[in-house]
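**Q** the sequence and its predicted three-dimensional model are supplied below.
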Amino acid sequence: MPMAALELRAFSDDDGVRLEPLGELDLATAEQFDDALRAWLEDPRAGELVVDLSGVTFMDSTGLRSVLIGSSAANEAGRRMVVVPGRGQARRVIELAQVSAYLELRDLNGDDA
């Protein structure tokens, strides 16, 4: 059985960083995602982080945990991390787990989700 693949795309501009995980965010790939969040947290010049989960095709509890821990770490560091849940599987996991109150959610068009 092949390992799950996760591609991470990161884009920077004057406002901050946009991180787009594409593929599966799960036990096999969460460490890769965590490393990207840690790199952002360690760069004080990076501005806000927008995590766009629209391209996530599968997310398990480990992936959700990574998103929640990243958001908590950002808050503790006085940084802003916004999550775009998209309309797919990641949104369903966030809704089923009832953790929306713990994340700053933004819709694809920039509105609060």
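**A** That came in fine, so what should we check first? Numbering: from 1, shown residues only.
**Q** can you give me the helices for this structure?
**A** Ranges of helices in the chain, per DSSP state H, are 30-42, 61-76, 89-97.
**Q** of all the ones you listed, which one is nearest Leu108?
**A** helix 89-97 (10.5 Å; Cβ to Cβ). No exception for glycine: its C-beta is placed from N, CA and C like everyone else's.
**Q** so how far is Val83 from Ser71?
**A** Plainly put, Ser71 is 7 Å away from Val83 if you go by Cβ to Cβ, to the nearest Å.
**Q** distance check, the residue nearest the centre of the chain against Glu76.
**A** Nearest residue to the geometric centre of the chain (Cα atoms, centre = their mean): Val51, 3.9 Å. Remark: distance between Val51 and Glu76 (Cβ to Cβ) = 17 Å.
**Q** sorry, back to before: between Ser71 and Val83, what contacts are shared?
**A** Leu103, Glu104 (Cβ atoms under 8 Å, 6 or more residues apart in numbering).
**Q** from what I can see Ile94 touches Gly86, true?
**A** No - Ile94 is beyond contact range of Gly86, at 9.8 Å (criterion: Cβ atoms under 8 Å).
**Q** higher neighbour count, the two?
**A** Comparing Ile94 with Gly86 by other Cβ atoms under 10 Å, the one with more neighbours is Ile94, at 23 against 18.
**Q** the more buried one and Ser71: what is the separation?
**A** Distance of Ile94 to Ser71, given as Cβ to Cβ: 11 Å.
**Q** need the residues touching each of the two.
**A** With Cβ under 8 Å, 6+ apart as the test, Ile94 and Ser71 both reach Val83, Leu103.
**Q** remind me which residues of this protein are low pLDDT?
**A** The chain contains residues with pLDDT under 70 at 1-4, 109-113.
**Q** which strand is the longest one in the protein?
**A** As assigned by DSSP state E, the longest strand anywhere in the chain is strand 16-25.
**Q** in it, what's buried?
**A** By 16 or more other Cβ atoms under 10 Å, the buried positions in strand 16-25 come out as Gly16, Val17, Arg18, Leu19, Glu20, Pro21, Leu22, Glu24, Leu25.
**Q** list the contacts of that strand.
**A** 4-12, 29, 33, 36-37, 40, 46-60, 63, 66-67, 80, 90.
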